[in-house]
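Visitor: Sharing a model prediction with you, sequence too.
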Amino acid sequence: MPILEVRQLSMRFGGLTAVDNLSFEVEDGSIHGLIGPNGAGKTTTFNLISGYYVPSGGQVIYDGRDISGKKTSAIAALGLIRTFQGTTLFHELSVFENVLVGAHLKAESNVFDSVLGRDRARQKAAEDRACEVLDFFGLLTRRDELASALPHGLQRALGMAVALMSEPRLLMLDEPFTGMNPEETRHMMGLMERVRGRGVTLLLVEHDMQAVMGLCERITVMNFGSLLAEGTPEEIRNNPEVITAYLGASIDKELLDAAAR
């Protein structure tokens, strides 16, 4: 069953149509890729799904609910969490403190909780969970380091740890492999497989074809704001329209083939 359904979604900025009658589904428990040349409308689609833009038309259905145009906070509270192209960490805080920030969506404190000491119990539970999440990502030994001191790949991993603290059902990752070397990319791919193993569905926008072809069971391809193709990595790699769309951009058929090996 799909956890996410995008139905005839459109977004217009004045006379410019950034997303045009787009439809696709993301199966629960899958890793799904959303790819396309620069300017295809991928990030705008992410913004529509996660509530940063109100659609000009169409619907976004998450877990059976119409969330089109809802506030980002309301969507996040339902378990749909989105990361961004750049790391959105608090660089002046420690690794541990950054992960604790991810617990805020589950906090429901009030003045009576403070008086009765329930806040302390919640804080202790959040700290225990933060240690568990850091251990899961291999960051527990670096818990007291400043986030700014981490190498780029580990900063990306920390961003995923922060997202996982909010207990997502669907995690949307916007170019998670940007700027990574091959070793960091392989490490991140392994972490994503492990996150999926915890029951989290992953939807990622990415230009790294090796990562996309190696991770995703299904891939949706956009071009000029519209759906160009959809299928398995094998089907996408051999789709003439996809190859043509990428020619002269960032990728060609040989690179697609190499990414699949």
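Guide: Received, thanks. Numbers count the residues shown, from 1 in each chain.

Visitor: Give me the nearest residue to Arg143, chain neighbours excluded.
Guide: Taking C-beta to C-beta, 6 or more residues apart in numbering, and ignoring the residues beside it in sequence, Arg143 has Phe96 as its nearest neighbour in space, at 4.1 Å. Quick note: C-beta positions are derived from backbone N, CA and C, even for glycine.

Visitor: count of residues packed around that neighbour?
Guide: Around Phe96 there are 18 other residues, counting by other C-beta atoms under 10 Å.

Visitor: Surely it is in contact with Leu146?
Guide: No. Contact between Phe96 and Leu146 fails when scored by C-beta atoms under 8 Å: they sit 10.6 Å apart.

Visitor: Name the SS class of Val59, please.
Guide: Check again: residue 59 is Gln, not Val. Using DSSP: H, G, I helix; E, B strand; the rest coil, the structure places Gln59 in strand.

Visitor: measure it to Ser10 for me?
Guide: Noted for Gln59: a distance of 10 Å to Ser10, by C-beta to C-beta, to the nearest Å.

Visitor: Also Asp66?
Guide: Taken as C-beta to C-beta, the spacing of Asp66 relative to Ser10 amounts to 15 Å.

Visitor: before we move on, what about Ala161?
Guide: 35 Å.

Visitor: more neighbours, those two?
Guide: Using other C-beta under 10 Å, the more surrounded residue of Ala161 and Ser10 is Ala161, with 24 against 17.

Visitor: That one: helix or strand, and which one exactly?
Guide: Following DSSP states H and E, one finds Ala161 within helix 152-165.

Visitor: buried residues in that helix?
Guide: Of the residues in helix 152-165, those scored as buried under the neighbour-count criterion (16 or more other C-beta atoms under 10 Å) are 153-165.

Visitor: One more: stretch 48-66?
Guide: Those would be 48-51, 53, 55, 58, 60-63, for stretch 48-66 by 16+ other C-beta under 10 Å.

Visitor: from those, which single one is nearest Glu5?
Guide: For the buried residues of stretch 48-66, the closest approach to Glu5 (C-beta to C-beta) belongs to Ile61, at 4.0 Å.

Visitor: Which strand residues bridge the closest one?
Guide: For Ile61, the beta-bridge partners are Glu5, Asp66 (DSSP bridges).

Visitor: Distance check, it against Gly190.
Guide: Relative to Gly190, Ile61 is positioned 31 Å away (criterion: C-beta to C-beta).

Visitor: show me where the stretch 1-150 of the chain has strands.
Guide: Assigned by DSSP state E, counting those that start in this stretch, the strands in the stretch 1-150 of the chain fall at 2-13, 16-27, 31-35, 57-62, 65-66, 80-82.

Visitor: Adding distance to Ala211 and mean pLDDT, write those out as TSV.
Guide: As requested, the strands of the stretch 1-150 of the chain are arranged in TSV below (distance: least, C-beta to C-beta, whole Å; pLDDT from 0 to 100):
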stretch	distance to Ala211	mean pLDDT
strand 2-13	20	97
strand 16-27	17	97
strand 31-35	9	97
strand 57-62	25	98
strand 65-66	30	96
strand 80-82	18	94
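
Visitor: Tell me which of those strands sits nearest to Leu215.
Guide: Distances from Leu215 to each of these were compared using C-beta to C-beta; the minimum, 5.1 Å, belongs to strand 31-35.

Visitor: With just CA atoms, put that closest one into CSV.
Guide: Extracted in CSV, the C-alpha atoms of strand 31-35 (Å, rounded to 0.1, in the frame of the first residue of the first chain):
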residue,chain,number,x,y,z
ILE,A,31,13.3,3.5,-0.8
HIS,A,32,12.0,5.6,-3.7
GLY,A,33,14.0,8.0,-5.8
LEU,A,34,12.9,11.2,-7.4
ILE,A,35,15.3,12.3,-10.1
